[in-house]
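J.: Fold the following and give me the result.
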Amino acid sequence: QENGSPKVYRWSNDVSHDDNEIVGPATDENEALQMAFADEPMPPIERGERKLELHSVRICKNTFVKIMKDTETEELFVVYFPVDKLEECGQQLSKDFFLSEKECRADAAKNNSFRRSLLNKCEDEFNKKDIYEDWKLEKAAYEKNKATMTEAERNEQEESLDFRRIKIKKQMLGNIKFIGQLYKKGLLKEKIARHCISSLLKLEPDETYKS
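T.: Numbering: from 1, shown residues only. Have a look, this model is predicted:
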């Protein structure tokens, strides 16, 4: 809620609390929020051995704010980042907005059933544009540095890269087979199965189907 605008809700099924750098401590939630929106940002500190649990989450001023509580001292610490950095920071958040908490919770329950989560994971894996993207970066880094390596180090790195490439391919093929099994069991709609086959055979332009 900002500048008198109506309060809206979004949900997340994956809010971590294992951040290495945190801001604080604060004695209450208001003080923690002030730290997140201070004109001069406070420098983060190392989490160290603190045992933190999630206290609350909110979005204000286009900033995702996560407040955590030390289970021993009950002090509060905050982690925050711009909403447009959600994916970069590994934070999942619903795409839709809701005008009531009840409506938001109902949508979260619907979209976070085991079946829905399973289908979402399969869709994400299947729709990856280049399953070797990370592998290619590792390969490029190796090619850049291999002149400085010993023969033993080069052999070890090349074996590791070959193993990773084969593993990635097997994982993708396994995912495709699993999608087929989901369809056979009636857990996947026909239009989605057709889309998967078409994508594999490159028969039609890419299009995203919703289950």
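J.: so what's the most centrally placed residue in the chain closest to, chain neighbours aside?
T.: By C-alpha atoms, centre = their mean, the chain has its centre lying nearest to Gly90, at 3.9 Å. Nearest residue to Gly90 in three dimensions, chain neighbours excluded: Ser16, at 7.4 Å (C-beta to C-beta, 6 or more residues apart in numbering). (C-beta placed from N, C-alpha, C; glycine too.)
J.: quick one: pLDDT of the residue nearest to the centre of the chain?
T.: We have a pLDDT of 73 for Gly90.
J.: Can you verify it is assigned to a helix?
T.: No: using DSSP: H, G, I helix; E, B strand; the rest coil, the assignment for Gly90 is coil, not a helix.
J.: Make 52 the first number, not 1, from now on.
T.: Okay, using 52 as the starting number, the last item reads as Gly141.
J.: So what does it look like in phi/psi?
T.: phi 70, psi 30 (degrees, to the nearest 10).
J.: Show me where the protein has its helices.
T.: Here the chain has its helices, by DSSP state H, at 80-87, 152-162, 165-177, 184-196, 202-235, 241-252.
J.: most packed of those?
T.: Most buried of these, by mean neighbour count (mean count of other C-beta atoms under 10 Å): helix 80-87, with a mean of 17.
J.: Only C-alpha atoms, please: export that helix in PDB.
T.: The C-alpha coordinates for helix 80-87 follow below in PDB (Å, rounded to 0.1, in the frame of the first residue of the first chain):
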ATOM      1  CA  GLU A  80       8.900  -4.100  12.900                       C
ATOM      2  CA  ASN A  81       8.500  -0.300  12.400                       C
ATOM      3  CA  GLU A  82      12.200   0.200  13.200                       C
ATOM      4  CA  ALA A  83      13.100  -2.600  10.800                       C
ATOM      5  CA  LEU A  84      11.100  -1.000   8.000                       C
ATOM      6  CA  GLN A  85      12.700   2.300   8.700                       C
ATOM      7  CA  MET A  86      16.100   0.600   8.100                       C
ATOM      8  CA  ALA A  87      14.900  -0.700   4.800                       C
END
